[in-house]
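Asker: here's my sequence, what's the structure:
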Amino acid sequence: MNLGPGAILKENLRIVERMLSHLERSYRQAALDLPLQPAMVSGLSDGQIDRLDLYLARFGKLQDFLVSKLFRSLSMASLEDTSQDISLIDSLRRMEKYGIVASLDRWLELRLLRNSLTHEYLTSDEEIAENINAAFSYYPELESTLKRANEYYGRHIDVEH
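Answerer: Numbers count the residues shown, from 1 in each chain. So this is what the prediction gives:
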């Protein structure tokens, strides 16, 4: 079955809601260990490391889905010509124009942090603590981005209801 842009967007919003729910659970569990000080890094228990790792994995996965799936489906369901949107910045600018991304600069920082967490092996306790604390500080940004995406969907896409 071939779904239209509105139906794809609705499904992507459902997926993001579920992903955010899992992230929120990890956020609450790992928040017990935060803020993380550099001196605490080497003394983390296996359970603490597992909680932090799970949060960071879900944090990166949610961001990836937002950028690669949800933002694209928002543009398509809005019947925008996205043929010129070839970069992350193009997509984020469009989401900022829609009011879904509150700040292009903040989202670029968020993506840089996600890339650092995903692709770099940090050895400095200071860098590790800083990145983990930063990832936790961005949780409300992801939550509010989804809220604005749902509001946009309700106002501009799902006009029948």
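Asker: can you tell me the SS state at the spatially most central residue of the chain?
Answerer: What sits nearest the mean C-alpha location of the chain, by CA atoms, centre = their mean, is Q63, with 3.0 Å. Here Q63 is recorded as helix under DSSP: H, G, I helix; E, B strand; the rest coil.
Asker: for A31, see how far away it is.
Answerer: 19 Å (CB to CB, to the nearest Å). To be clear about C-beta, it is placed using only N, CA and C from the backbone, and glycine gets the same treatment.
Asker: please apply the same query to I89.
Answerer: Applying CB to CB to I89 and A31 gives a distance of 32 Å.
Asker: repeat that for S78.
Answerer: 36 Å.
Asker: return the list of helices and strands in contact with the strand or helix carrying E126.
Answerer: Using DSSP states H and E, E126 sits within helix 125-137. Helices and strands touching helix 125-137, by 3 or more CB pairs under 8 Å, 6 or more residues apart in numbering; DSSP states H and E, are helix 38-41, helix 46-65, helix 104-119.
Asker: alright, calling it a day.
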